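Q: okay, structure incoming, though there's no sequence with it:
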């Protein structure tokens with residue numbers, strides 16, 4: 001529907017099989033107005049539509065078998081425009097992937113083939129982010145390719161706050177992502193937030209004027225106020241409880257006191273014959289009962305190992 005505020009009337013657009021200039025489908029998944037005032041309409045199963053607001057004519061874009069310069073799929077999930085005037089269109093299922101519309105010749109260039117694109121965002125720094133079924137990707141315009149951020153999750157929705165942190169609605173809950181350092185913070189079931197497996201049009205996140213973020217669900221919505229969100233930066237203290245050689249406690253009370261000391265800068269040297277040793281430790285933090293502890297013996301272990 002197109003609303004005319006001057007007279008309060010609506011112009012309605014429908015799919016008409018007898019009219020090739022009508023909508024390709026009545027099942028609409030996304031609507032976007034570009035910088036040229038064109039209206040782009042994504043459908044659930046019948047491709048992409050471009051509405052000229054002056055002529056009210058509609059042009060339909062669908063994939064053509066064997067032609068990689070056409071849009072990749074029929075199921076459109078997201079539409080977004082970057083600062084360069086590029087239009088980006090996400091597709092899922094058969095033909096899944098990201099498409100860039102090339103205005104000068106009406107063709108498409110395909111990216112991330114085979115990945116279900118669930119959300120697209122251009123942030124305050126004009127960086128382009130794409131949420132997919134397997135993780136978050138960022139566009140590198142110089143290389144004309146997308147880079148994996150390392151955030152691995154089913155990311156259905158992406159938005160940003162006033163400080164340009166990204167907020168991702170995932171299958172595990174709502175996640176905050178800091179683009180500056182790559183740090184993430186997940187608010188999941190232990191915080192009262194349920195994950196989302198599939199995005200719907202009524203679940204699009206919304207940022208209020210006061211900066212509060214709203215995430216829609218099938219049963220209501222979650223409200224997040226980033227500016228009043230307190231996150232403790234204190235690190236948990238690691239405490240060594242025992243040191244054993246050949247399964248027997250091997251240190252004197254004085255040596256154990258030295259290892260347990262928070263300000264200890266010393267170390268412990270063992271002869272080569274005492275290479276079978278065990279270190280017992282604990283880290284109590286009541287802020288997070290699900291905290292995992294990892295350890296690594298430098299120059300020996302290939303990476304971090306999970307503690308028992």
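A: Okay, I see it. Please read all numbers here as calculations on a predicted model, not as lab measurements.
Q: going forward, measure contacts and count neighbours with C-alpha atoms only.
A: OK.
Q: so where's the stretch 51-200 of the chain uncertain?
A: For the stretch 51-200 of the chain, residues meeting the criterion pLDDT under 70 lie at 197-200.
Q: tell me where it has strands.
A: Secondary structure of the stretch 51-200 of the chain by DSSP state E, counting those that start in this stretch: the strands cover 58-61, 76-81, 87-91, 97-102, 107-111, 117-122, 128-132, 136-140, 145-148, 155-160, 166-170, 173-177, 184-187.
Q: mind listing the strands the third one pairs with, and their directions?
A: In its sheet, strand 87-91 lies beside strand 76-81 (antiparallel), strand 97-102 (antiparallel), with partners assigned from DSSP bridges.
Q: then the fifth one?
A: Partners of strand 107-111 in the sheet, by DSSP bridges, are strand 97-102 (antiparallel).
Q: list the buried residues in the partner strand.
A: 97-101 (16 or more other CA atoms under 10 Å).
Q: reformat the strands of the stretch 51-200 of the chain as a markdown table; add distance to residue 211.
A: Output for the strands of the stretch 51-200 of the chain, formatted as a markdown table (distance: least, CA to CA, whole Å):
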| stretch | distance to residue 211 |
| --- | --- |
| strand 58-61 | 36 |
| strand 76-81 | 21 |
| strand 87-91 | 26 |
| strand 97-102 | 29 |
| strand 107-111 | 32 |
| strand 117-122 | 17 |
| strand 128-132 | 20 |
| strand 136-140 | 23 |
| strand 145-148 | 28 |
| strand 155-160 | 10 |
| strand 166-170 | 12 |
| strand 173-177 | 15 |
| strand 184-187 | 18 |
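Q: looking at these, which is nearest to residue 217?
A: For these, the distance to residue 217 is smallest for strand 166-170, at 10.4 Å, taking CA to CA.
Q: identify all contacting residues around the closest one.
A: Under the contact criterion CA atoms under 8 Å, 6 or more residues apart in numbering, strand 166-170 has outside partners 153-161, 174-179, 195-197, 215.
Q: may I have the strands that pair with it, each with its orientation?
A: Applying DSSP bridges to the sheet, strand 166-170 is found paired with strand 155-160 (antiparallel), strand 173-177 (antiparallel).
Q: for those strands, which one ends up most surrounded?
A: Using mean count of other CA atoms under 10 Å, the stretch among these with the largest mean neighbour count is strand 155-160, at a mean of 26.
Q: relative to strand 136-140, how tilted is that one?
A: Orientation note: strand 155-160 sits at an angle of 60 degrees relative to strand 136-140 (axes from the mean of the first three to the mean of the last three CA atoms, to 10 degrees).
Q: give me the contact list for strand 155-160.
A: Against strand 155-160 from outside (CA under 8 Å, 6+ apart): 118-121, 123, 129-136, 166-171, 196-199, 204-205.
Q: any of those residues buried? List them.
A: For these, a burial check counting by 16+ other CA under 10 Å picks out 118-121, 123, 129-133, 135-136, 166-171, 196, 199, 204-205.
Q: quick one: residues contacting the nearest residue to residue 51 once chain neighbours are set aside.
A: Counting by CA to CA, 6 or more residues apart in numbering, residue 58 is the residue found nearest to residue 51 once chain neighbours are left out, at 4.5 Å. Contact analysis of residue 58 by CA under 8 Å, 6+ apart lists 21-23, 49-52.
Q: going through the residues you listed, which ones are buried?
A: Among the contacts of residue 58, those scoring as buried are 21-23, 49-51 (criterion: 16+ other CA under 10 Å).
Q: helix or strand: which one has residue 216?
A: Following DSSP states H and E, one finds residue 216 within strand 213-217.
Q: that strand vs strand 166-170, what angle?
A: Using the same axes, to 10 degrees: strand 213-217 against strand 166-170 is 10 degrees.
Q: which outside residues touch strand 213-217?
A: 161, 169, 196, 202-208, 221-226.
Q: parallel or antiparallel, which strands does it pair with?
A: Sheet pairing here is set by DSSP bridges, and for strand 213-217 it gives strand 206-207 (antiparallel), strand 220-224 (antiparallel).
Q: hang on, residue 245 packs against residue 276?
A: Yes - Residue 245 is in contact with residue 276 according to CA atoms under 8 Å; the separation is 5.9 Å.
Q: same drill for those two, tell me which one is more crowded.
A: When residue 245 and residue 276 are compared for neighbours, residue 245 comes out ahead with 15 against 10, by other CA atoms under 10 Å.
Q: distance of that one from residue 273?
A: Relative to residue 273, residue 245 is positioned 10 Å away (CA to CA, to the nearest Å).
Q: and if you look at residue 74?
A: Distance of residue 74 to residue 273, computed by CA to CA: 68 Å.
Q: which one's more surrounded, those two?
A: Counted by other CA under 10 Å, residue 74 and residue 273 do not tie: residue 74 has more neighbours, with 23 against 6.
Q: can you name the residues that contact the closest residue to that one other than its chain neighbours?
A: What sits nearest to residue 74 in space, not counting adjacent residues and going by CA to CA, 6+ apart, is residue 47, at 4.0 Å. Neighbour list for residue 47: 24, 60-63, 73-76 [criterion: CA under 8 Å, 6+ apart].
Q: alright, that wraps it up for me.
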